[in-house]
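Engineer: need coordinates for the following:
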Amino acid sequence: MLRESASVPRPISRLLGQAEERSLDPASCHSQLLFGQALPAAALSRHLDRPEDVQGSWLRADPAGVRPDLGAVWLQPGSRLSPDSPAGRDLAARFAEEGMRLELTPSGRGYLTLRSVPECRFTPPWQLAGESMDRVWPQGRDALYWRNLLNETQMILHQHRQSNPELPGTLWFWGAGELPANIPQARVCRVRAKSPELLGASRWAGLDCIGADAGGDAGTWPGLLVEWISDHALTAEDNLARLAADLVAALRRLRFARKLRELELASENRAWCLSTPAAWRVW
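Structural biologist: Got it, this is the predicted structure:
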């Protein structure tokens, strides 16, 4: 929203100017906000989709659309693929040849079982917007292996798309890894969220968690992590105005509530932490 908006509301600009800023890893931003450490997104969301089967290493393999043009191929997350479809069965058979099990869940998310965690960095889906495929390929020592598998996945789906154009164009790999044996100490005690990574992580940690719908009062209770959902029907300026109104209420509480010590605002790659003394300067 900051990139797309021509102007930024004063409460947001002043908060960003006064707060202490730190970087987040986009591939594990949710776990860094929740636990203060990077944990694999695939294993966290697995706790939401398949809580009875979470042991081991996992890789997300989410169906995604592919839109080619004259200059590049663009990815569009959010597609679905039935495991009982001919394309789903062919993909499962191909991954079985590699010793991996492909599971496509009712949520639309896909998972691959891994024998070991790849030495490879994958791009999370929220970094795909506006990027062509050649800029978001896997990177690292094992990258060639996973690039080849991506190509084969797209070839299999392309063959089936000739008779069913509604099929996705690829499976997008990301979020590889396994969770530690011991649950780390959470930075918060309750969560209001929509993302499967935050919901799954909250279930794993045994935190109080409620779902978050688009819009609504974010609230500023002590120990609460809120996933603030933008309204895609509004402009970036209007969404920032909504966020600014929530932040004004939060800043008010931060200035006067003894139980609140700091307010944190985060995106997928940055976080800004505002202490109580700094909140007096932002007003």
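Engineer: which parts of the helix ranked longest in the chain are buried?
Structural biologist: The longest helix of the chain (DSSP state H) is helix 236-256. By neighbour count on 16 or more other CB atoms under 10 Å, the buried set for helix 236-256 is 236, 239-244, 246-248, 250-251, 253-254. Where you see a C-beta, it was placed from the backbone N, CA and C, and this is true even at glycine.
Engineer: make JSON lines out of those residues and add pLDDT.
Structural biologist: As requested, those are arranged in JSON lines below (pLDDT from 0 to 100):
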{"residue": "Ala236", "pLDDT": "93"}
{"residue": "Asn239", "pLDDT": "94"}
{"residue": "Leu240", "pLDDT": "95"}
{"residue": "Ala241", "pLDDT": "94"}
{"residue": "Arg242", "pLDDT": "93"}
{"residue": "Leu243", "pLDDT": "92"}
{"residue": "Ala244", "pLDDT": "92"}
{"residue": "Asp246", "pLDDT": "87"}
{"residue": "Leu247", "pLDDT": "85"}
{"residue": "Val248", "pLDDT": "85"}
{"residue": "Ala250", "pLDDT": "78"}
{"residue": "Leu251", "pLDDT": "77"}
{"residue": "Arg253", "pLDDT": "74"}
{"residue": "Leu254", "pLDDT": "67"}
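Engineer: elements contacting the longest helix of the chain?
Structural biologist: Contacting helix 236-256 under the criterion 3 or more CB pairs under 8 Å, 6 or more residues apart in numbering; DSSP states H and E are the following elements: helix 10-18, strand 262-266, helix 276-282.
Engineer: looking at those, which has the lowest confidence?
Structural biologist: Among the helices and strands packed on helix 236-256, helix 276-282 has the lowest mean pLDDT, at a mean of 59.
Engineer: so how far is Glu131 from the residue nearest to Asn239 when sequence neighbours are not counted?
Structural biologist: Nearest non-adjacent residue to Asn239, counting by CB to CB, 6 or more residues apart in numbering: Ser230, 4.5 Å away. In this view, Ser230 and Glu131 are 20 Å apart by CB to CB, to the nearest Å.
Engineer: likewise Val226?
Structural biologist: As judged by CB to CB, Val226 and Glu131 stand 28 Å apart.
Engineer: what does Arg270 give?
Structural biologist: 18 Å.
Engineer: repeat that for Leu59.
Structural biologist: Going from Leu59 to Glu131 by CB to CB gives 20 Å.
Engineer: so for these two, which residue has more residues nearby?
Structural biologist: Leu59 (26 against 13; other CB atoms under 10 Å).
Engineer: quick check: which element contains the more buried one?
Structural biologist: Leu59 is part of strand 57-68, with elements assigned from DSSP states H and E.
Engineer: just the C-alphas of that strand, formatted as CSV.
Structural biologist: Taking Å, rounded to 0.1, in the frame of the first residue of the first chain, the C-alpha atoms of strand 57-68 are listed here in CSV:
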residue,chain,number,x,y,z
SER,A,57,9.9,-32.2,6.5
TRP,A,58,7.4,-30.6,4.3
LEU,A,59,7.4,-28.4,1.2
ARG,A,60,4.4,-26.4,0.0
ALA,A,61,3.4,-27.2,-3.6
ASP,A,62,0.5,-24.8,-4.2
PRO,A,63,-1.4,-24.8,-7.5
ALA,A,64,-0.8,-21.5,-9.3
GLY,A,65,-1.9,-19.9,-12.6
VAL,A,66,0.6,-19.1,-15.3
ARG,A,67,0.0,-16.2,-17.6
PRO,A,68,2.4,-15.8,-20.5
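Engineer: list the buried ones in that strand?
Structural biologist: Here strand 57-68 shows Ser57, Trp58, Leu59, Arg60, Ala61, Asp62, Pro63, Ala64, Gly65, Val66 as buried, counting by 16+ other CB under 10 Å.
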